[in-house]
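> need a structure here:
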Amino acid sequence: MRLLIITQKVDADDPILGFFHRWIEEFAKQCERVLVLCLEQGNFHLPQNVSVASLGKERQRSKPQYVARFYRYIFAHRREYDCVFVHMNPEYVLLGSFLWRIWRKRIGLWYVHRQVNMKLRIAEKLSHVIFTAAKESFQLKSGKVHVLGHGIDTKKFFCADPKMKNKEPLILSVGRITKIKNLETLVRAAGLVKTRIAEKFVVRIIGDAVTAEDRALKTDLERQIFDNGLAGTVVFMGSAPHGQMPEVYCSADLSVNLAPTGGLDKAVLESMACGVPAFSSNRAFAPLFGPLAPSLLFRHGDPEDLAEKITRFFAASPSGIGARLRQSVIAEHDIASRVSDIAGLLDDLA
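Model (predicted):
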């Protein structure tokens, strides 16, 4: 199969989208040829059967220029691909589907988000097949949907020596600083934990504030941290390159994800893959946590419940949890299996 991939960014170092570099590598193993058209490109090193072209965001091109370059590319290379895989951006399905269907190209859309808008509704009608990570990750009813799990590089996200931790217990939160991440609950929970255990601990927040609203939120959180005497306990670390994230996870004793129930947040799965226990308020993780769910799931927006479960974890120092969580991710979310499934389903349509 010869595959055209449409994605937002190809950059192995990007803190948010760097993971997709590994997806492309896996697709290269499954396909005769892979063409990648991205909105923006950065640092990449891909197999010889992969070519990458950019719509030019890194050169600050305009939106009309993006669209013109998009059409020029899909037309010029129309004889070099059999199927199209659109990653997370349904607008590209809207832009390209008319021509792709005339040329008898099969269209697959990967979508993992709570949001349902008109673009997604139309893209669902125009795509031949839709892939998502969990049933909560795609909110439209459709017979085209295949729930496959996420694609986590479990060989990369692995702690060779999980006992190599900091002297002080370390709690990690990974992801963009934005309202839906509910970081104020983590700050309040940290204040409660501080009153309940004698041991000093640190909470590191890994991620950036991207928009003006995000930056205002971060300023407010910094004020809360200062007002509650948590300076030095709760620390904003900024983002880290994707390639450094396994080391970041492996330095932690546990991670916390505070998003509401919905799609499976990749940060939780990466933590689990590293054998680092992950606490979450997203009940979609209950099946993956299995019998550990009562200990790892906390009520959304409830700092008291989170603080209680963190305190119990530190008091019990349970062994074997990390290994069990890692095996769950390997079984259901390993990148090689997921990409193989996607390629197989697309190939069956061609």
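
> rest of the way, CA atoms for contacts and neighbours
Will do.

> Now the host helix or strand of Glu304: buried residues?
According to DSSP states H and E, Glu304 maps onto helix 303-316. By neighbour count with 16 or more other C-alpha atoms under 10 Å, helix 303-316 contains the buried residues 303-304, 306-311, 313.

> which of the residues you listed are the two that sit furthest away from each other?
Pairwise distances across the buried residues of helix 303-316 peak at 15.2 Å for Pro303 and Phe313 (criterion: C-alpha to C-alpha).

> Give me the phi and psi for the residue lying farthest from the centre of the chain.
What lies farthest from the middle of the chain is Ala198; by C-alpha atoms, centre = their mean that is 34.7 Å. As for Ala198, its main-chain torsions (degrees, to the nearest 10) stand at phi -80, psi -30.

> so how far is Val235 from it?
Going from Ala198 to Val235 by C-alpha to C-alpha, to the nearest Å gives 19 Å.

> what do you get for Arg121?
From Arg121 to Val235 the distance is 40 Å (C-alpha to C-alpha).

> out of those two, which sits in the more crowded spot?
Val235 (16 against 13; other C-alpha atoms under 10 Å).

> Name the residues of stretch 278-287 that come out as buried.
For stretch 278-287, by 16+ other C-alpha under 10 Å, it's 278-286.

> ok, now stretch 63-72?
Neighbour-count burial for stretch 63-72 [16+ other C-alpha under 10 Å]: 66, 69-70.

> of all these, which comes closest to Leu254?
For the buried residues of stretch 63-72, the nearest to Leu254 is Tyr66 (42.0 Å; C-alpha to C-alpha).

> Can you pull out the low-pLDDT segments for the stretch 51-200 of the chain?
Low-confidence segments of the stretch 51-200 of the chain, defined by pLDDT under 70: 162-166.

> domain assignment for this structure?
2-151+334-349, 170-331 (automatic domain parsing).

> In JSON lines, list these along with distance to Asp161.
Below are these laid out as JSON lines (distance: least, C-alpha to C-alpha, whole Å):
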{"stretch": "domain 2-151+334-349", "distance to Asp161": "21"}
{"stretch": "domain 170-331", "distance to Asp161": "8"}
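
> Out of those domains, the one nearest Phe158 is which?
When the domains of the chain are compared (using C-alpha to C-alpha), the closest one is domain 170-331, at 4.3 Å.

> in which helix or strand would I find the nearest residue to Gly275 once chain neighbours are set aside?
Nearest residue to Gly275, sequence neighbours excluded (C-alpha to C-alpha, 6 or more residues apart in numbering): Gly322, at 3.8 Å. Taking DSSP H and E as the criterion, Gly322 maps to helix 321-333.

> How far away from the center of its chain is that helix?
Remark: helix 321-333 is offset 17 Å from the chain centroid, using C-alpha atoms, centre = their mean, to the nearest Å.

> Using neighbour counts, pick out the buried residues of the following helix or strand past it.
As assigned by DSSP H and E, the chain's next helix or strand after helix 321-333 is helix 335-349. For helix 335-349, the neighbour count (16+ other C-alpha under 10 Å) marks 335-343, 345-347 as buried.

> Helix 335-349 packs against which elements?
Helix 335-349 makes packing contacts with helix 20-30, strand 106-110 when contacts are defined by 3 or more C-alpha pairs under 8 Å, 6 or more residues apart in numbering; DSSP states H and E.

> Relative to Ile152, which of those is closest?
Short answer: helix 20-30, nearest of the helices and strands packed on helix 335-349 by C-alpha to C-alpha, at 9.0 Å.

> pLDDT averaged over the closest one, what's the number?
Computed over helix 20-30, the mean pLDDT rounds to 97.

> Check which element follows it along the chain.
strand 33-41.

> which outside residues touch that following strand?
Outside strand 33-41, the residues within contact range by C-alpha atoms under 8 Å, 6 or more residues apart in numbering are 1-11, 27-28, 49-58, 66, 81.

> do stretch 267-277 as well
Contacts for stretch 267-277 (C-alpha under 8 Å, 6+ apart): 152, 154, 157-159, 162, 174-175, 246, 249-250, 252-257, 278, 280, 296, 321-327, 329-330.
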